[in-house]
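1. Provide a 3D model corresponding to the input given below.
(one chain, ligands or ions: 1)
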Amino acid sequence: MREERQFVAGLYARLDELRAEAETAVRGSLAPAGNGRQARVERDVAVIERSATLTALNAADSGLCFGRLDFAPESEGEPGATHHIGRMGIRRDDAERSPLLVDWRAAVARPFYLATGHTPMGLRRRRHLTTKGRTVTALHDEILDLGDPTRTGHEDPTGDAVLLAALNGARTGRMSDIVQTIQAEQDRVIRAPHRGVLVVEGGPGTGKTAVALHRAAYLLYAHREQLARRAVLIVGPNPAFLSYIGDVLPSLGETGVLLATPAELFPGVTATAADTPGAAAVKGSAAMADALAAAVRDRQTVPDTVTEIDHEQWTLSLERAVAEDARHHARATGLPHNLARAHFGRHVLDALTGQLADRVGREPYEAIAEELGEEIPEGNVLTPADIEQLGREIAGNPDVVAAIDALWPELTPQRLLTDFLQEPVHLPDADAASIRRAPGIGWTAADVPLLDEAAELLGEDDHAARAAAAREYEERVAYAKGVLDVSYGSRTYEFEDLDDEDSEVLGAHDLIDAERFAERHEEDDHRSAAARAAADRTWAFGHIIVDEAQELSAMTWRLLMRRCPTRSMTLVGDPAQVGDAAGCDSWKQILDPYVGDRYEHTRLGVNYRTPAEIMDLAARVMREADPAFEPPSSVRSTGVEPWVRRSTPDELPRTVAEAVAAAGGAGRTAVVAPADLLPALARELPGASCGAHPDLTAPVVLLAPRQAKGLEFDTVVVAEPDRIRSGSPRGLNDLYVALTRATQSLGLVHTGGWQVTPAAATPSPAAAASD
Ligand SMILES: Nc1ncnc2c1ncn2[C@@H]1O[C@H](COP(=O)(O)OP(=O)(O)OP(=O)(O)O)[C@@H](O)[C@H]1O
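-> Predicted structure coming up:
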């Protein structure tokens, strides 16, 4: 213990040194840079590099070192290697820059998570260090080489003490990282290859979310060259969930990640309205893609017979056949509507110009022929230059522009979708009726993938803007090349990994290439890749992680797949927890259109959250619908059975409030109830946080079942479970979610009708009380 305390104190001293250096560097580099180009380049490099270093150093402070690996000697008589494992790699300030602390993501750290007595991976001993602040407070040793006679007095025969301490700790309302106690089955998922689609399925509490977040950190470490510059997107079901998980990656020193709900993925649009479940299901169905595509084609029209257009003293005729021909050519380009519009316009203009040239150029012949009483001869007096000039005049005629606009209007996604929702076409009548809506009501979450689909179908005609930007861009690429050359030359090896040449701390040259740098590097634009990605609908992410993936509609999948052309994705979810009416029931159904059956599927089978007693009740509820239902097995049991209390409708809020009070304010408590009961419960629980964006760090939180998704609390009280179950077509799944949120105790309050099959062997108080 004394040795470890000294070692850890030395580590923090080194961390402080590095932090002081980085702070000085950041301060220095923020100073005015003078006017010279080279000075600006130097300043920008320093700001980018030193700020990233400082963030990583600050994040590592808490729980900097948490493990040690003692390897068996490789040859007789030599000491085995020893490595301390922590949140980041740190080197000594000596001539060799020898390693002091190994990043948990490095390959050499892997036995910390995977070695067993059966497969020790060369390890003699694995040690967990528990720290409080900067002091080591406990050691837990596991001896992997059973023949090893050395003992330290800190032996932990099962190796589970650190895990159980983490699982039993009171919740804070914010998810914390699990870097000290990642389990072997989780480690395999975290470090799985990043190419292609990986599906991670597991019941409640199996660590899917935790694993997904650690996988993001791992991938950014192992493939930072590709991923940091394209950013990683993590999609979660709702804003409360995102704030719940928001601290995990920063605590691991990673900030190059964008967290978003599907409703936030169309820049500039915020969903403020709500759909009925039925409407959301229709809007989420794959049929909407065809309906929208057909609606766009409907906007590419032709005149019934002819459109007459005045041009100076002439009247030009745009015949139906000419417009049809123009439309055919424009569609044949395969371009989106707004870009194909130029082709349609070109054809129409050519036809009108030809028509006018015919008339203007033949007029002199006609006049002469009339005067002489002869047949009109062949020919046209106009030169090609004259005809070109006529064409320019026609193109500048507002009536001509208006006629083209009427037939093939330029459209925004918002305009198209507003019109479509006002009169939904190409859908069965019942579906159309369920989504029909007057304009001006505001967008819903289910509208966002439709807007994105519309944007894809329409495209954006930005020719003029692009031409103007191109010149400036060239200049900025040249400037950025200068920045990156300097950055590469001055890269730091301070945190270089033991075994991986590519693993030094991020430098500007890792984060961005010259072109990307140039794109973002306007004088006042120092946004990270994640920030730029958030503002860019067409951004292609390096990797996408989807949590609660079972909830996403087919239309949302289309949006996400467009954001990830490489299909480098991790999808985590649990089909038994599907709540959204538009959600998908099977991975095959989700993935077939994009990758066929070329995806990896893996399962997590151990529940780290919910004690066995609570899981038993939840499983019995699920077995009423599916007798073969098998929940994940709980790693803990608390000996505390769930309780069930009957009340009257009038008394229910008070009964719930009493149950909350009885929980004694230890840790966090959630009350999960049907949405219409929440106002009455809020009156009885005035201190509770509730609403669309509840504060999950409050001692008591009031939630509708869907809001509880992905969250966890020490104590959970579920009000009117039967109404949650029968409240929607996916009500059983909602109830399953509600029942599996507690880490310590669960109680149910109902006003009648609650029945659950008793436990087979030992009837629990829950079953006994169900009268
Ligand atoms: N290896 C681990 N060490 C410590 N805690 C863990 C570990 N794995 C999971 N946990 C904890 O178990 C709890 C459940 O994890 P998580 O929320 O990731 O599960 P989930 O599978 O996403 O659950 P759900 O499907 O119900 O949302 C969290 O508190 C998490 O920190």
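2. which bits of this protein sit near the ligand?
-> Taking C-beta under 6 Å from any ligand atom as the test, the list of the chain residues beside the ligand reads 163, 166-167, 178, 181-183, 186, 202, 204-210, 574, 577, 608-609, 710, 712, 740. Yep, even glycine has a C-beta here, placed from its N, CA and C like the rest.
3. which of these are buried? Put it as a PyMOL command.
-> Restricted to buried positions by 16 or more other C-beta atoms under 10 Å, the PyMOL selection for those reads:
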select buried, resi 163+167+178+181+182+183+186+202+204+205+206+207+208+209+210+574+577+608+609+710+712+740
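4. among the residues of the chain next to the ligand, which lie within helices?
-> Judged by DSSP state H, helices contain the following of the residues of the chain next to the ligand: L163, A166, L167, Q186, K208, T209, A210.
5. may I see those organised as TSV, with distance to S745 and pLDDT added?
-> Rendered in TSV, the data for these read as follows (distance: C-beta to C-beta, whole Å; pLDDT from 0 to 100):
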residue	distance to S745	pLDDT
L163	20	85
A166	18	82
L167	14	84
Q186	26	93
K208	23	94
T209	22	94
A210	22	94
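6. any chance of those residues in a markdown table, plus distance to A535?
-> Rendered in a markdown table, the data for these read as follows (distance: C-beta to C-beta, whole Å):
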| residue | distance to A535 |
| --- | --- |
| L163 | 41 |
| A166 | 38 |
| L167 | 39 |
| Q186 | 34 |
| K208 | 29 |
| T209 | 26 |
| A210 | 29 |
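7. averaged pLDDT, the longest helix seen in the chain. What do you get?
-> Scanning the chain for the helix with the most residues, using DSSP H, yields helix 337-372. Over the span of helix 337-372, the pLDDT mean works out to 87.
8. for T307, give me its contacts.
-> Contact criterion C-beta atoms under 8 Å, 6 or more residues apart in numbering gives S317, L318, A323, A403, A406, L407 as the residues in contact with T307.
9. any idea what the first one is bridged to?
-> Beta bridges link S317 to E308 when assigned by DSSP bridges.
10. what's the burial count for it?
-> Applying the criterion other C-beta atoms under 10 Å, we find 15 residues in the vicinity of S317.
11. equivalent analysis for the fifth one, please.
-> The burial count assigned to A406 is 11, neighbours taken as other C-beta under 10 Å.
12. and it, that one's in a helix?
-> Yes: remark: A406 belongs to a helix, assigned using DSSP: H, G, I helix; E, B strand; the rest coil.
13. just the pLDDT for it.
-> Reading off the per-residue confidence, A406 sits at a pLDDT of 95.
14. got it, and the one 4 residues further on?
-> According to the predicted model, the pLDDT of E410 comes to 95.
15. looking at it, it is touching A342, isn't it?
-> No: under the contact definition of C-beta atoms under 8 Å, E410 does not touch A342, with a separation of 10.0 Å.
16. contacts only, for the closest residue to V235 other than its chain neighbours.
-> Beyond its immediate neighbours in the sequence, the residue positioned closest to V235 (C-beta to C-beta, 6 or more residues apart in numbering) is V546, lying 4.6 Å away. Contacts here follow C-beta under 8 Å, 6+ apart; on that basis V546 touches I234, V235, L552, L560, M569, T570, L571, V572, G573.
17. for V546, phi and psi?
-> Taking degrees, to the nearest 10, you get phi -110, psi 120 for the backbone angles of V546.
18. measure it to G284 for me?
-> Note on V546: its distance to G284, by C-beta to C-beta, to the nearest Å, is 15 Å.
19. where are the low-confidence patches of the stretch 501-650 of the chain?
-> Low-confidence segments of the stretch 501-650 of the chain, defined by pLDDT under 70, span residues 501-527, 579-585.
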